[in-house]
Each structure stands twice: as C-alpha cells, then as structure tokens.
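Engineer: Return atomic coordinates for the entry below.
(chains A and B)
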Amino acid sequence: MTTTPDTATETPDFTATEIMTVAASRLLKDGTVCFVGIGLPSTAANLARLTHAPDVVLIYESGPIGAKPTVLPLSIGDGDLALTADTVVSTPEIFRYWLQGGRIDVGFLGAAQVDRFANINTTVIGPYDAPKVRLPGAGGAPEIAAQAKEVFIVLKQSRKAFVDKLSFVTSAGFLDGGDAREKAGITGGGPTAVITDLGILTPDPVTRELTLTSIHPGVTVEQVKEATGWDLKVSPNLTTTAIPDAAALAALRDLQARTAAAHGQSAGGGEG
Amino acid sequence: MAQITPLREAVASLVHDGDTVALEGFTHLIPHAAGHEIIRQGRRGLTLVRMTPDLIYDQLIGMGCADKLIFSWGGNPGVGSLHRFRDAVEGEWPHKLAIEEHSHAGMANAYVAGASNLPFALLRGYTGSDLPKVNPNIRFIECPFTGEKLAAIPSVRPDVTVIHAQKADRRGNVLLWGILGVQKEAVLAAKRSIVTVEEVVDDLEAPTNACVLPTWALSAVCPVPGGAYPSYAQGYSERDNRFYKAWDPVARSRETFRDWMQRHVLDTDDFDGFRRVLAESMKEAV
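Structural biologist: Predicted coordinates for the structure are as follows:
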C-alpha cells in the first residue's frame, strides 16, 4: 500500500510489541501453509490472515488444520480453533503426515532464548539436572524447527533472551553455524528471520550468524547491541522497518480487543 | 466390555500404587475429575505420562503421587509455569521427581507405537537437539533401506490410561469429538482404561467415521458431567480461563497449595463436591 501524505500524518503511534507483531505478520505470504506456535507467533499469523494473507493455512499442533479463529487462542487447544478449522486431525497425524510428511512451508515459533545461530532454548536455564529455571520444555518445536521449509522466530529482545551460550539447545537453528545444520542431516531450511521488538535479524548466508538487517523506527543500533548477549553483527545494508500501516494496526488492535473481551484479560495476547 | 461404574470405584480397582498412568487430553477433554480421585485415594509411586502436563499434573505432583514424569511440554497454557512441577524439579518438593523428556512428535509416535503393539517408535526427529544427551531413551538407528539416521524411542504402554469424552451409550461405547489429541492411541496403548463421560445416552448417533472407542476395548466408563473442568468438552462446556489464571498464585507457595488441595480436593467427596466448594471460594475471593 502506498502511503499518501494524508494517511501518513494520520498514522497513529504504535508500541514496540505492535511493530514486532506487524513486521512478523508481513513475512507470511498469502497461501503459505504455516505451523503456528501459541502466543506471539499465533498473534502474528492470525494478523496476516486478517490482512494481506486471507488464504494462509494455519495448522496448530493440537490438530486443527486451516484454523480461522475469531479471537486469539489462549491455549493451543481452544475450542474456537477446532470449530473454525477445515478439519481437525489427531496429534499423531499432525506430526506424522503433515509435518514429517513435508507439507509445512513455515514454522512460526516463539522462544525463551536464542543464540547467534538461532538455536532455541525452551527447556532449562542452568544445568539440566539442577536447573536454575525449569522452562516448559520442547513441545512441538524440535521437529517444526527441523522439518518446516523455513522458520520464523518471534520474541522480545533482551540480554536474558539473546544469549552467547544456551544452557540447552531444545530446537536446532544452525547449530555451530556454517553448514553444521545440513551436515547433521536436518532436512528443513531453518530460520530465515528472527523478529523482535527492536528489529529483524537474519542469518548470514555463509556463516549463518544472525545479523541485524532491519531496525525499527526510533530504535538505535546501540540499543539493539545492548539487548544482545553477544557482539551482534550489523548489516552494511541495514534498513529501517516500515512503520505498521494504519489498516494492520487497526486489525491487530481489533483482534486483541476481541480476544480480551472473550478471555477476560488485558489486551496483548497470552504467552504460551 | 466396559463396566459403567462410579469414578471412585473405577480408580480404586484400576489404578494401583506404582502404576504407569497416562491422563491424556490436549487442552480439551482433560480428565480433571479422575485426577482428583487419584489424589483423594492417595496413590503413590506413579509414573505419570502426558504430552502436555498442566494443572491436574501440577496437583498430582505437588500432592506426592508421582515418582516420575514422562512428558514433552509442562506448563500452564497461556499463563506460565507449573509451580508445583518446577518445585519438584528445582527443589525436590515434596520429593524428587525423575523426568523423561521428549518432543511432542516423539511422544505422539510413542503412543502410536504402543497402540500398535510395537516395542519402539520410529521418527525423523530430535536432530540437533540436546534432548538425546539428557534422555538415554532417545536413540538413533539406521534405516535398513536408505541408511538414513532416524530417531527411536520406547513405546508408551501405560498400565492405565484415563481420558474424558462427551458421550457413552448404555453398553459403554464411547464417542468423542473436537480436538482429540492422542487419546485414542493412549487408550489402545494401555493395559486398562477409564473414560469419564459427560453423559450416558441410548444412542451415540455417531457419524460413520467418528472417533468411537468400542466398549470391549475399555475397562470402565464413569459418568462425570463437567469432569474435564476447568478444561472443557466441546458441545458441553467452555474452558474456564479464569481458573487457569487463578491457579498461578495458588500453586506458587507450598502452603497455599496444600491448603487449597485440602479444602477443595481432600475434604470433598467427589467432583460435584469440588465444584461446590470451588464456587464458594470463588465467591469469597470476589
């Protein structure tokens, strides 16, 4: 959509979470078959469906295929997902026929922590046998991350989340970088974008190290580096993320207001 | 043939100390009432199995029923941590909990293998993950035809599987619909099974390809209307998201947890009693 000077002046302010969600949703092309994680990925994927990608196919690990929820699900198995789906299959079928069967274009994941090669930790912080923090665990992510044709990861950026060394690799990104992922025999293409509240990181084509390639308006490179637990590489062709257009923002806020009314919670969507 | 029997009797006769027990349900149709009955009857030394342990497993673990948990995602969906599960892992309270941790794909395949009477499940999985480093039950084998490296994990074969469903007929045939998770596989993988149902009807009126578990494949069917609460049964009830949120502060401390369990579960006779006391305490909270 071309922004006319008129609508530009009318563009409302947006929060860091909103630009993250809108930027993540824009990456999802119409007609894509997307395996959706709960929380931020589900918000972004449904926003895509309600705006530029009406024919995106959303698959949830609990069984719904082609879910078109009217409000954001609080959990991965909300009734609305089943009632609005093209079909609901069993969980084994989801993982065996649809994911392992090679039918997923995009795996859309959240994470507690990532490292510079977009490996994901959702298991423990600290030693496995005596954890400082016990996290929920793997869920569907290890096989989604390995078998989807590509993977988007969405999470807020901070030193706690973007760490130099993960306590535990739950789901593989590019492992030690370079061609380590291919050498390990992983079939899917791996992460192509990590979308945060500060910018977008994409893997270097050769080293596969996450590089800041787009920065959200109003954010400084210093800020992003400060929120990263390693010496973050910045692309020489760094671009500024397009501001969320008014239609996308309105659709997002509308979706979150409907969700809040349905679940009796503050707007913002539930983390899973 | 399944016996249509009160839940208390089914748990007394079919769930024993030391058993491997799967109470399955994927957000939908979680058998909370049966979990409470296991707590009331004071079962000990259980190996609990579930893809997505949530509040009822938090309660079973916090009450000391379990020695081991086999799982792939343990949390309070949409809310956060399971504090009793975390305290068992991080603080060994009320005692040490052994864990065997998988991915969803691994667990789902392990149930399918169990239902198929196979010793192990085979999948393309776990590659690049640290899970095989901490779980010796995740191993890799070579495909005899292509040489591809594939993951192998032992079948899940519970002594007892417990699920909740919408309807049974008077002979004990069970119909369930909506999000089905791994419930069918979990029942067929188990030696014994208990199904709590919303209602018992004359005729299931099941469409041809519906998910019907025949009475001769089940041990007990127990009418417990609302028995999935705070989970839900599609067509009968909605998920009570308020309860999931309210559980978080209750489970944060050992004391509030114990008091809550005493009042709502140990001091009540059955699930109807639990729902009555819960309604009272929710009113007090307002």
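Engineer: Quick one: the helices in chain B, in order.
Structural biologist: B:7-14, B:32-40, B:55-62, B:83-91, B:104-115, B:131-134, B:183-189, B:241-252, B:254-261, B:271-285 (DSSP state H).
Engineer: out of those helices, deepest packed?
Structural biologist: helix B:104-115 (a mean of 29; mean count of other C-beta atoms under 10 Å in any protein chain shown). (Glycine included, C-beta is placed from N, CA and C.)
Engineer: ok now stretch A:223-240, how far from the chain's centre?
Structural biologist: 19 Å (C-alpha atoms, centre = their mean, to the nearest Å).
Engineer: and chain B, what are its domains?
Structural biologist: Here the domain assignment for chain B is B:3-101+B:157-246, B:124-153, based on automatic domain parsing.
Engineer: Pipe those domains into TSV and attach mean pLDDT per row.
Structural biologist: Output for those, formatted as TSV (pLDDT from 0 to 100):
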stretch	mean pLDDT
domain B:3-101+B:157-246	97
domain B:124-153	97
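Engineer: how about low-confidence regions in chain A?
Structural biologist: For chain A, applying pLDDT under 70 flags the ranges A:1-12, A:264-272.
Engineer: Contacts only, for residue 156.
Structural biologist: Since no chain was named, I'll use chain A. By C-beta atoms under 8 Å, 6 or more residues apart in numbering or on different chains, the residues touching residue A:156 are A:17, A:20, A:196-197.
Engineer: My question was about chain B, not that one.
Structural biologist: Contacts of residue B:156 (C-beta under 8 Å, 6+ apart): B:22, B:49, B:70, B:107, B:110-111, B:113-114, B:186, B:189.
Engineer: tell me, which of the residues you listed make contact with chain A?
Structural biologist: Restricting the contacts of residue B:156 to those touching chain A (C-beta under 8 Å from any C-beta of the partner chain) yields residue B:111.
Engineer: Name the nearest of the contacts of residue B:156 relative to chain A.
Structural biologist: Proximity of those to chain A was ranked by C-beta to the nearest C-beta; the top entry is residue B:111 with 6.8 Å.
Engineer: Touching, the closest one and residue B:182? I think so.
Structural biologist: Yes. The pair residue B:111 and residue B:182 qualifies as a contact (C-beta atoms under 8 Å) at a distance of 4.7 Å.
Engineer: Need the overlap of contacts for these two.
Structural biologist: The contact lists of residue B:111 and residue B:182 share residue A:92, where a contact means C-beta under 8 Å, 6+ apart.
Engineer: elements contacting the helix or strand hosting residue A:49?
Structural biologist: Following DSSP states H and E, one finds residue A:49 within helix A:40-50. Using 3 or more C-beta pairs under 8 Å, 6 or more residues apart in numbering or on different chains; DSSP states H and E, the elements in contact with helix A:40-50 are helix A:16-26, strand A:33-36, strand A:57-60, strand A:106-109, strand A:150-154, helix A:246-263.
Engineer: ok, and what's touching it?
Structural biologist: Contact with helix A:40-50 is made by A:20-22, A:24-26, A:28, A:34, A:36, A:56, A:58, A:60, A:68-69, A:72-73, A:108-110, A:152, A:154-155, A:195, A:248, A:251-252, A:255-256, A:269, A:271-272, as judged by C-beta under 8 Å, 6+ apart.
Engineer: likewise stretch A:102-111?
Structural biologist: A:24, A:28, A:32-42, A:44-45, A:59, A:97-98, A:120-122, A:141, A:144-145, A:147-155, A:161, A:171, A:187-188, A:271-272.
Engineer: Now for the closest residue to chain A within the stretch 101-250 of chain B: which residues touch it?
Structural biologist: Using C-beta to the nearest C-beta, the single residue of the stretch 101-250 of chain B nearest to chain A is residue B:128, 2.8 Å away. Applying C-beta under 8 Å, 6+ apart to residue B:128 gives the contacts A:119, A:142, A:146, A:169, A:171-172, A:175, A:181, A:184, A:186.
Engineer: Just the buried ones from those residues?
Structural biologist: Neighbour counting by 16 or more other C-beta atoms under 10 Å in any protein chain shown classes A:119, A:142, A:146, A:169, A:171-172, A:175, A:181, A:186 among the contacts of residue B:128 as buried.
Engineer: Against which helices or strands is the top strand by length along chain A packed?
Structural biologist: The single longest strand within chain A, with elements called by DSSP state E, is strand A:233-240. Other helices and strands packing on strand A:233-240, by 3+ C-beta pairs under 8 Å, 6+ apart, are strand A:210-215, helix A:221-226.
Engineer: That strand to strand A:210-215, inter-axis angle?
Structural biologist: 20 degrees (axes from the mean of the first three to the mean of the last three C-alpha atoms, to 10 degrees).
Engineer: list the buried ones in strand A:233-240?
Structural biologist: Neighbour-count burial for strand A:233-240, with 16+ other C-beta under 10 Å as criterion, is recorded at residue A:233.
Engineer: Adjacent strands (with direction) for that strand?
Structural biologist: Using DSSP bridges, strand A:233-240 pairs in its sheet with strand A:210-215 (parallel).
Engineer: can you list contacts of the strand it pairs with?
Structural biologist: By C-beta under 8 Å, 6+ apart, strand A:210-215 touches A:23, A:114, A:116-118, A:194, A:198-204, A:221, A:224, A:232-235, A:237-241.
Engineer: For it, what is the distance to the chain centroid?
Structural biologist: Using C-alpha atoms, centre = their mean, the offset of strand A:210-215 from its chain centre is 15 Å.
Engineer: got the angle between it and strand A:150-154?
Structural biologist: Using the same axes, to 10 degrees: strand A:210-215 against strand A:150-154 is 70 degrees.
Engineer: could you measure residue B:8 against residue A:130, distance?
Structural biologist: Remark: distance between residue B:8 and residue A:130 (C-beta to C-beta, to the nearest Å) = 39 Å.
Engineer: cool, residue B:108 as well?
Structural biologist: 29 Å.
Engineer: Same question for residue B:19.
Structural biologist: From residue B:19 to residue A:130 the distance is 28 Å (C-beta to C-beta).
Engineer: quick one, which of these two is more surrounded?
Structural biologist: residue B:19 (18 against 10; other C-beta atoms under 10 Å in any protein chain shown).
Engineer: and residue B:54, what does it touch?
Structural biologist: Residue B:54 touches B:27, B:30, B:74-77, B:82, counting by C-beta under 8 Å, 6+ apart.
Engineer: By neighbour count, which of those residues wins?
Structural biologist: Result: residue B:30 is most packed of the contacts of residue B:54 (other C-beta under 10 Å), 31 neighbours.
Engineer: Just confirm it contacts residue B:233, I think it does.
Structural biologist: No. The criterion here is C-beta under 8 Å, and residue B:30 misses it with residue B:233 at 9.7 Å.
Engineer: Identify the contacts common to the two.
Structural biologist: With C-beta under 8 Å, 6+ apart, residue B:30 and residue B:233 have common neighbours residue B:164.
Engineer: coming back round to it: give me the buried subset of the contacts of stretch A:102-111.
Structural biologist: A:24, A:28, A:32-42, A:44-45, A:59, A:98, A:120-122, A:141, A:144-145, A:147-155, A:161, A:171, A:187-188, A:271-272.
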